[in-house]
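*Asks:* any chance you can model this:
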Amino acid sequence: MKKILLMFVAVFAMVTVLVACGDNGDTDTADNGYDENGYEENGDNGDVETPDVTEITLVNNKPETDAALNAFADVFYAETGIRVNIVTFGGETPYAASLTAMFNAGDEPEIFVIEGMTDFVIARDSDRIFDLTGEAWLNDTDVAFNYNGGVYGFPVSIEGYGLAYNRALLEASGVDPSTMTNVEGIRAAFEQIDAMSDELGIEGVISLAAGAGMTWVTGIHGFNGYLALGMDFDDASILDDLLDGVIDEERMLLFAEYYELLFEHSIRTTLLTGGYDQQLGDFAIGRTVFLHQGNWTDPAFAELGIDFDMGFLPHAFLPEDTNGIFAFVPSWYVVNGQSEGTEAALQFLDFMATSPEGHNYMVNEAGMVPAFNSVTLSPEGALSQSVQAWANAGNFYPMLATNMPAGFGMNTLGPIFEQLASGAIDPQEFVDLVRDAVENIGPNE
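*Replies:* Here you go, the predicted model:
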């Protein structure tokens, strides 16, 4: 895990250094045969061997990238004659359940997404994992999904999240963000902002949705704070204890009290009944100062024409300072070993990783922080730039929640968060319910 920490810093540093050197002519698209979008001016990438299968399906779990991914699939089709049909689930349509429904219906997409060891085990045990060892793009990334000496996942991007904030509104409130690195600092800031609601023109301090269909926000991304905040990057002891059926009740109570604070300062209708679009919309139109989401929202804000300055602060629920956000590779594309279009799928992934068109898609169109070292582009989205800054400084914690058993975060923990949000339980009862749920959690194999 320590190696992963150093690798993340290296990836971000590589992107920063290469972009900073962009004026030397090596990355000037006007002089190297590419247009301003990063596409080849003559539209010819050379002779491409077209597999027998000319139509495949990719199941995407990021609604924010749906339009950009479809446009990139069109570019790939023009280059190769291979049609990639994009099917997107996520947001308010649970990805895992929808993908499972496709499988149960006998629909076998060539490419789909896994989000960690739990998803990998499910795909492996159903014989839907194709070994990617030997693919050329492996030499250009350090964060492919590896297991027992094999390579099985293509890293989609590097993502990060924390307390996203509207910089102008935070400054108008008089809150110094540097004071928000422990729970008392966050509490004081929320109270100060709440007291200035009329002056700031806001309806809540934070935009957060915790109801049905949004349990991934709390049960996965939220709960990851309990597992990882303030820990060394290679220390997964809290997760290990959880998988053994044990929680740290003192830490869990601090965590529950923090989420009670977030819930108390949320717009209540959005908190209890709002979906993904409502949560982002509240923040986008200035109804709140903070947002409980990550840099994957950049494309959605860009599409809405939202360009105010944003940044991230820590989910600092502990009394001591924890000056870092969560940054990680959240998901990997895997090739379905049961499909007949594996060669076409491999060609699509290679084109994404190695071509200028693929790099343009990842950074300029999808707003991603790329996971490939040769990408010389830097994201324009404010939240992705904030992730890059935190990572360059080495101030980040890992994503461990995706290593919990399938469904435990969304289906077991999520409803407990929902009860806390509604006021049906208090923080101590939250701890009791989580402790009971964890007793029989069982490890991933």
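*Asks:* now name the helix or strand holding residue 358.
*Replies:* helix 356-360 (DSSP states H and E).
*Asks:* give me the mean pLDDT for that helix.
*Replies:* Mean per-residue pLDDT for helix 356-360: 97.
*Asks:* helices or strands up against that helix?
*Replies:* Helix 356-360 sits against helix 66-80, helix 342-354, with contacts defined as 3 or more C-beta pairs under 8 Å, 6 or more residues apart in numbering; DSSP states H and E. Backbone N, C-alpha and C define where each C-beta goes, glycine included.
*Asks:* report all helices and strands that the longest one contacts.
*Replies:* Of the remaining helices and strands, those touching helix 66-80 by 3+ C-beta pairs under 8 Å, 6+ apart are strand 55-60, strand 83-88, helix 298-304, helix 342-354, helix 356-360.
*Asks:* if you average pLDDT over each of these, which is lowest?
*Replies:* helix 298-304 (a mean of 88).
*Asks:* what's the most buried one of the helices and strands packed on helix 356-360?
*Replies:* Most buried of the helices and strands packed on helix 356-360, by mean neighbour count (mean count of other C-beta atoms under 10 Å): helix 342-354, with a mean of 21.
*Asks:* that one to strand 55-60, inter-axis angle?
*Replies:* Here the directions of helix 342-354 and strand 55-60 differ by 50 degrees (axes from the mean of the first three to the mean of the last three C-alpha atoms, to 10 degrees).
*Asks:* can you list contacts of helix 342-354?
*Replies:* Contact with helix 342-354 is made by 48, 51-54, 56, 58, 72, 76, 79-80, 82, 84, 110-111, 130, 132, 135-137, 140-141, 154, 333, 335-336, 339, 357-358, 361-362, 372, 374, as judged by C-beta atoms under 8 Å, 6 or more residues apart in numbering.
*Asks:* secondary structure element holding the residue nearest to residue 317 when sequence neighbours are not counted?
*Replies:* Spatially, and ignoring its direct neighbours in sequence, residue 317 is nearest to residue 258 (3.3 Å; C-beta to C-beta, 6 or more residues apart in numbering). Using DSSP H and E, the element containing residue 258 is helix 249-264.
*Asks:* if we can go back for a sec, so what's the residue count around the residue nearest to residue 317?
*Replies:* 22 (other C-beta atoms under 10 Å).
*Asks:* surely it meets residue 319?
*Replies:* No. Look at residue 258 against residue 319 with C-beta atoms under 8 Å: they stay out of range, at 10.6 Å.
*Asks:* now for these two: what residues contact both?
*Replies:* In contact with both residue 258 and residue 319: residue 183, using C-beta under 8 Å, 6+ apart.
*Asks:* what sits against the residue nearest to residue 317?
*Replies:* 183, 186, 225, 315, 317.
*Asks:* if you rank the residues you listed by neighbours, which is first?
*Replies:* Counting by other C-beta under 10 Å, top hit in those: residue 315 with 28 neighbours.
*Asks:* let me see the contact set for the closest residue to that residue other than its chain neighbours.
*Replies:* Of all residues not flanking residue 315 in the chain, residue 225 sits nearest, at 4.8 Å (C-beta to C-beta, 6+ apart). By C-beta under 8 Å, 6+ apart, the contact list for residue 225 reads 255, 258, 315, 317, 326.
*Asks:* what about stretch 395-405, distance to the chain center?
*Replies:* 11 Å (C-alpha atoms, centre = their mean, to the nearest Å).
*Asks:* and stretch 390-401, by the same measure?
*Replies:* 12 Å.
*Asks:* one more: stretch 209-222?
*Replies:* 14 Å.
*Asks:* could you give me the average pLDDT of that stretch?
*Replies:* 96.
*Asks:* buried ones in it?
*Replies:* Residues of stretch 209-222 classed as buried by neighbour count (16 or more other C-beta atoms under 10 Å): 209-211, 213-222.
*Asks:* ok, which stretches of this structure are strands?
*Replies:* Along the chain, the segments classed as strands by DSSP state E run 55-60, 83-88, 111-114, 145-147, 150-155, 159-161, 163-166, 206-207, 290-291, 310-313, 325-328, 332-335, 396-397.
*Asks:* any residues touching stretch 415-424, and which ones?
*Replies:* So stretch 415-424 is in contact with 210-212, 215, 218-219, 222-223, 256, 259-260, 263, 266, 271-272, 425-427, 429-430, 433-434, 437, going by C-beta under 8 Å, 6+ apart.
*Asks:* hmm, I was thinking of stretch 238-250
*Replies:* 226-228, 231, 251, 400, 403-404, 431, 434-435, 438-444.
*Asks:* 7 Å instead?
*Replies:* For stretch 238-250, the surrounding residues in contact (C-beta atoms under 7 Å, 6 or more residues apart in numbering) are 227, 231, 400, 403, 431, 434, 435, 438, 439, 440, 441, 443.
*Asks:* closest one of these to residue 294?
*Replies:* Nearest to residue 294 among the contacts of stretch 238-250: residue 400, at 15.4 Å, using C-beta to C-beta.
*Asks:* ok, the closest one touching residue 227?
*Replies:* Yes. Assessed by C-beta atoms under 7 Å, residue 400 is found in contact with residue 227 at 4.3 Å.
*Asks:* want to throw the helices and strands packed on helix 356-360 into a markdown table with distance to residue 235?
*Replies:* Output for the helices and strands packed on helix 356-360, formatted as a markdown table (distance: least, C-beta to C-beta, whole Å):
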| stretch | distance to residue 235 |
| --- | --- |
| helix 66-80 | 35 |
| helix 342-354 | 31 |
